[in-house]
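J.: I need the structure of the sequence given here:
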Amino acid sequence: MSSLPGNPHAGRLSPTMSFRISLLTAFLIATSLHLHAAQEVVNGIAAVVNGEVITYSQVRELIAAQEKSASEIYQGEELQNKVADMRKKAIQELIDRALILQEFKKKEFNIPSYIIDDSIQRIIRTDFGGDRAAFVKTLQAQGYTMARFREVQKDKITVQAMRQSRTSDNVLVSPVKIREYYRKHADSYTTPEQVKLRMIVLKEGGGGGDTPSDASVSKKQMAAEIREKLAGGAEFDRLAQMYSEDSTNEAGGDWGWIERKTLNEDLAKVAFSLKPGEISPIIPLDNAYYILMVEAKKPAVTKSLSEVQPQILEALTQEEKLKGQDRWLKELRQKAYIRIL
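T.: You can find the predicted model right below:
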């Protein structure tokens, strides 16, 4: 038996591997989730890969958490369509996994036992605070033996290691591709324009701190009086504390630094047209009256290509590595007998 290509301790196969993504949690959900159970075969055959059977129970186990989340968001036919799409993708994932594991056996590679032991120990430390007894008890409660859990972990490690073995560390990314990526994703490297905003809000039917209770004093009239005081030099924050009816009144109407998307479109249009220190006219909107003041402004800033080039290079390198894995899997599929039932 030979070790996996590359460093046999590759190893330790990346401690950040997703063992800690509680596989146990997925097991728990899988045993309790039964969407449309009355209509489904308990454990029929979903696909056959070179004579190896993939069952519907494997499919449900793989997507149990996703199905549970979907059932909380969607209903009826939409839910059925979502679940059907999830299961279709899960079957393909299980087919690919079977092909990879078969290739692993064919090449007579080997995963050292200590790597599996280390992965299980990480789960015990991370998810059970180091309590092995609690870990074993949880497995038993769900009907899983330690041997079965080790088998699952071994398969996960094997699939990831085989995928990694099909990626080259000598991926070359041309400057042209880097520039093109930068151009297409410029928004990702741009900090939007911002304003430091204060706001006074008067709501029809509401009551501000020092607002007269006389109903004859309309909010529109009150807004006009406040705007006049501001024009005469009154302090914006002081009047906001006295009269504003939004959650920032105690802070003098201070909204801090905000982007356009933070505000209603009509308010954003006015706020971002103001100069620093300028106060807006009264803005009637949705049974309320708004007065805005911009204290300062920051223009939109886009990082230069030289600043983000390392990030882009990493992204494109990973993209090329994934393409290499996809080509390898495509070759495995073409050589295999696969039947989806």
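
J.: only C-alpha atoms for contact and neighbour calcs from this point on.
T.: Will do.

J.: quick one, strands of this structure?
T.: 2-3, 45-49, 52-55, 109-110, 190-191, 194-203, 254-259, 283-284, 288-298, 301-302, 338-340 (DSSP state E).

J.: any low-confidence regions in this protein?
T.: 1-42, 206-217 (pLDDT under 70).

J.: how close does the nearest residue to Lys203 once chain neighbours are set aside get to Ser218?
T.: Excluding the flanking residues, the one nearest Lys203 by CA to CA, 6 or more residues apart in numbering is Ala288, at 4.2 Å. Distance, Ala288 to Ser218, by CA to CA, to the nearest Å: 11 Å.

J.: just Ile63 next, same as before
T.: Per CA to CA, Ile63 is found 58 Å from Ser218.

J.: those two: who's more crowded?
T.: Ile63 (19 against 15; other CA atoms under 10 Å).

J.: mind checking which of the strands of the chain is nearest Arg179?
T.: Of all the strands of the chain, it is strand 301-302 that lies closest to Arg179, at 14.3 Å by CA to CA.

J.: could you name the helices and strands sitting against that closest one?
T.: With contacts taken as 3 or more CA pairs under 8 Å, 6 or more residues apart in numbering; DSSP states H and E, strand 301-302 sits against strand 190-191.

J.: which residues are contacting the strand it packs on?
T.: Residues outside strand 190-191 that contact it (CA atoms under 8 Å, 6 or more residues apart in numbering) are Ala300, Val301, Thr302, Lys303.

J.: the residue nearest to Lys203 and Leu139, how far apart?
T.: 59 Å.

J.: what about Arg183, how many residues nearby?
T.: Quick note: Arg183 (other CA under 10 Å) scores 11 neighbours.

J.: and this protein, what are its domains?
T.: Residue ranges for the domains of the chain, per automatic domain parsing: 2-165, 193-299.

J.: picking that back up, mutual contacts of Ala288 and Ser218, please.
T.: Common neighbours of Ala288 and Ser218 (CA under 8 Å, 6+ apart) are Glu204.

J.: spatially nearest residue to Pro284, not counting backbone neighbours?
T.: Nearest one to Pro284, counting by CA to CA, 6+ apart, is Tyr290 at 6.4 Å.

J.: just Glu52 next, same as before
T.: In this structure, Glu52 finds its nearest non-sequential neighbour in Ala98, 7.8 Å apart by CA to CA, 6+ apart.

J.: where along the protein do the helices fall?
T.: In the chain, the segments counted as helices under DSSP state H are 23-32, 56-73, 76-106, 113-128, 132-141, 146-165, 175-184, 219-231, 236-243, 265-271, 305-335.

J.: can you redo the ones you listed as TSV with distance to Thr190?
T.: Listed next are the helices of the chain as TSV, based on distance: least, CA to CA, whole Å:
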stretch	distance to Thr190
helix 23-32	38
helix 56-73	33
helix 76-106	35
helix 113-128	37
helix 132-141	46
helix 146-165	33
helix 175-184	11
helix 219-231	35
helix 236-243	31
helix 265-271	19
helix 305-335	11
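
J.: out of those helices, which is closest to Lys196?
T.: It is, among these and with distance given as CA to CA, helix 265-271, at 9.4 Å.

J.: what packs against that closest one?
T.: strand 288-298.

J.: show me what the strand it packs on is packed against.
T.: If you count contacts as 3+ CA pairs under 8 Å, 6+ apart, strand 288-298 packs onto strand 194-203, helix 219-231, helix 265-271, strand 283-284.

J.: residues contacting it, please?
T.: 193-204, 219-220, 223, 227, 236, 271, 274-284.

J.: now it: buried residues?
T.: By neighbour count on 16 or more other CA atoms under 10 Å, the buried set for strand 288-298 is Ala288, Tyr289, Tyr290, Ile291, Leu292, Met293, Val294, Glu295, Ala296, Lys297.

J.: chain center to that strand: distance?
T.: 33 Å (CA atoms, centre = their mean, to the nearest Å).

J.: circling back: most packed of the helices of the chain?
T.: Ranked by mean neighbour count under mean count of other CA atoms under 10 Å, the helices of the chain are led by helix 236-243, which reaches a mean of 20.
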